[in-house]
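1. Kindly generate the corresponding structure for this input.
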Amino acid sequence: MDAGVERLPALPRLGPLRAKTLMPSLDRGPARVPGRTVQVSGVGQDAARLADYDRVCGFPLRNRVPATWLHVLTFGLHVHLLSGTDSTIRLAGVVHVSNRMRLHRPVTAAERLDVSVRVANLRAHRRGALLDLIGEVRVADELVWDGVSTYLAPGAKVPGAPEEVARVEVVSTPPIAIWRLPGDLGREYRRVSDDPNPIHTSRVAARAFGFARPIAHGMWTHARLLAALDPRLPDTYAMEVAFRRPILLPATVGAWWRPEPDGGWRAAVTTPDGARPYLTATVSPTRPEG
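-> Now for the predicted structure:
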């Protein structure tokens, strides 16, 4: 499909797309991704699902929705785009390496949302290719949230010099919280996020991708850390996370956070001794739009 806007009547259910996400592309040429934007207007938020999401991720029940919940609402459009015949990259085969999101103002559970996603910035990497899934959430014409999920597609072929991704070294820091992650956390988060990737729920699938056991969803870890920080955050902020290594379930992890001079925060989810990070994060305050 040519570049343009594809309008869907509702957010896609990921169950019917699950087979497409697992089916590898037979195209062995240069990687291709869709040039279109996919959009759904007037999305109503499911109060029961939101409450379940809050419980699974550690947020309190309240009228304002977590910024990571808005990512969840865009995620089905990630899968829809990368399941199309115009994409040689499938979501089940990629690695989520980083995520950036900006909350432009608080969003309430009662608001109806216009949700859109597009693919951008396909570029070479020494292990394959990187690509960005850019999501936006609007209320009427007002941009209230945007996010960029960067994925690595191992083995994908893209012309050009490989991009070098700088990795910031993290100093071992004693955690100020210890979280115990149950073995069924992948199933719990799949239920509230609708993420169909079986490496989070199936030992067989996890082993097929080189993991001894199912791994926690990176976006659960992101959300759990945001839930710990949330009472300390302003109404508008930007949050950036890097997914450093997978968490095999069940697990015990540590977490720490500290304020920065600019009013932001630096934080991480680590091994219980604080020596190795699973996820690192920075939060920066932003000015409200307008």
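
2. Would you mind putting the CA coordinates of stretch 249-263 into CSV?
-> Once non-C-alpha atoms are left out, stretch 249-263 reads as follows in CSV (Å, rounded to 0.1, in the frame of the first residue of the first chain):
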residue,chain,number,x,y,z
LEU,A,249,10.5,-15.7,35.0
PRO,A,250,10.0,-16.2,37.9
ALA,A,251,12.5,-13.7,39.2
THR,A,252,13.5,-11.4,42.0
VAL,A,253,14.6,-7.9,40.9
GLY,A,254,15.7,-4.7,42.5
ALA,A,255,14.8,-1.1,41.6
TRP,A,256,16.2,2.3,42.4
TRP,A,257,15.4,5.9,41.5
ARG,A,258,17.0,9.2,42.4
PRO,A,259,16.2,12.8,41.6
GLU,A,260,18.3,14.9,39.2
PRO,A,261,19.2,18.6,39.4
ASP,A,262,16.9,19.5,36.5
GLY,A,263,13.8,18.2,38.4
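
3. now the helices: where do they sit in the stretch 51-200 of the chain?
-> If you assign secondary structure with DSSP state H, counting those that start in this stretch, the helices in the stretch 51-200 of the chain sit at 67-82, 185-193.

4. Which strands or helices does the last one pack on?
-> Same thing as helix 185-193. When contacts are defined as 3 or more Cβ pairs under 8 Å, 6 or more residues apart in numbering; DSSP states H and E, helix 185-193 packs onto helix 47-57, helix 67-82, helix 218-229. (Each C-beta comes from the backbone N, C-alpha and C, glycine too.)

5. Compile those helices into a markdown table and extend it with columns for mean neighbour count and mean pLDDT.
-> Formatted as a markdown table, the helices and strands packed on helix 185-193 follow (neighbours: other Cβ atoms under 10 Å; pLDDT from 0 to 100):
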| stretch | mean neighbour count | mean pLDDT |
| --- | --- | --- |
| helix 47-57 | 16 | 97 |
| helix 67-82 | 23 | 95 |
| helix 218-229 | 23 | 98 |
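
6. Which one of the helices of the stretch 51-200 of the chain lies nearest to Arg49?
-> Closest to Arg49 of the helices of the stretch 51-200 of the chain is helix 185-193 (Cβ to Cβ; 6.2 Å).

7. Pick out the residue closest to the middle of this protein.
-> For the chain, the residue whose C-alpha lies nearest the mean C-alpha position (Cα atoms, centre = their mean) is Met219; its distance is 4.7 Å.

8. Can you give me every residue that contacts Ile247?
-> Applying Cβ atoms under 8 Å, 6 or more residues apart in numbering, we find Ile247 in contact with 181, 215-216, 221, 253, 269, 278.

9. quick one: low-confidence parts of the chain?
-> For the chain, the stretches with pLDDT under 70 are 1-3, 14-28, 165-166, 288-290.

10. ok, now with 90
-> Segments of the chain classed as low confidence (criterion: pLDDT under 90) are 1-3, 12-30, 83-85, 90-94, 127, 159-172, 194-201, 205-206, 208-210, 286-290.

11. Where do the strands of it begin and end?
-> 5-8, 37-43, 95-103, 113-125, 128-139, 142-154, 177-181, 237-243, 251-259, 265-270, 277-285 (DSSP state E).

12. picking up where we left off before, could the contacts of Ile247 go into CSV alongside distance to Ala92?
-> Supplementary listing: the contacts of Ile247 in CSV, determined by distance: Cβ to Cβ, whole Å:
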residue, distance to Ala92
Leu181, 22
Ile215, 13
Ala216, 17
Thr221, 19
Val253, 25
Val269, 24
Tyr278, 21
